[in-house]
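Asks: When you get a sec, could you give me coordinates for this:
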Amino acid sequence: MLNGNKAEYFKGDFSKDSEVVQLISDIQRFCEAPSYIVHFTSSAFAYKKLKQFDIDRFDENVHIQAYSLIRILQAFLPQMAKRREHNKIGLVLSSVTIGKPPKHMMEYVMVKYLLLEILKSLASDYEGRKININGVSPSMIHTKMLCNIDERMIALNAEKSAENRNANVQDIIPVIRFLLSDEAKYLLASI
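Replies: Numbering: from 1, shown residues only. Predicted coordinates:
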């Protein structure tokens, strides 16, 4: 329960358009439009130099992260904008969009910047409509997404953090919970 609202969980493979469409349909059977949307998607990291850039992998990652978000918001944002109460959209971006990006992660960095620009554009488009569109940009989170990264790189990243460890999902949940709460209703667009 959040702000007196019931949460329902729906599952879909965002690399497949048919599953994104099915997910939207499943949600629409439950309600006209949700009040809260949290979009936390990515494929596994891959450190690659420019000569190893894989356009197919990049395209898949754009589908997983950006196209799925756009499809979902096309389906629900117009109805959300008609409501009188605040609606919340939370995107999980990445710290790679802050300052100097890490080496050999061009694909990942490009997709996260694409998400950042989607967030900024939508925040501008829906300004004044009581829709909070916010992003969280954590550093490395210990999830399955790290399965292709050398353990030494993961350890080096942990050493750089204030806590001397990589984040876990439980570290990010309180921030997202705050952004979805009534206390954050004046944060209409933040990153």
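Asks: Strands along this structure, start to end?
Replies: In chain order, the chain shows strands spanning 36-39, 87-92, 131-136, 189-190, with DSSP state E as the criterion.
Asks: buried ones in the first one?
Replies: Buried residues in strand 36-39, counted by 16 or more other CB atoms under 10 Å: 36-39. For glycine as for every other residue, the C-beta is placed from the backbone atoms N, C-alpha and C.
Asks: Export the residues you listed as a markdown table, with columns for distance to residue 56.
Replies: Output for those, formatted as a markdown table (distance: CB to CB, whole Å):
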| residue | distance to residue 56 |
| --- | --- |
| 36 | 33 |
| 37 | 28 |
| 38 | 28 |
| 39 | 23 |
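Asks: Residue 98 contacts residue 136, correct?
Replies: No. Counting by CB atoms under 8 Å, residue 98 sits too far from residue 136 to count as a contact (11.5 Å).
Asks: Please enumerate the helices of the protein.
Replies: 17-30, 55-62, 68-82, 106-125, 151-160, 169-180 (DSSP state H).
Asks: Among the ones you listed, show the one with the smallest mean pLDDT.
Replies: The weakest mean pLDDT among the helices of the chain belongs to helix 151-160, with a mean of 78.
Asks: residues contacting the residue lying farthest from the centre of the chain?
Replies: Farthest-out residue of the chain from its mean C-alpha position, per CA atoms, centre = their mean: residue 51, at 27.9 Å. Residues near residue 51 by CB atoms under 8 Å, 6 or more residues apart in numbering: none.
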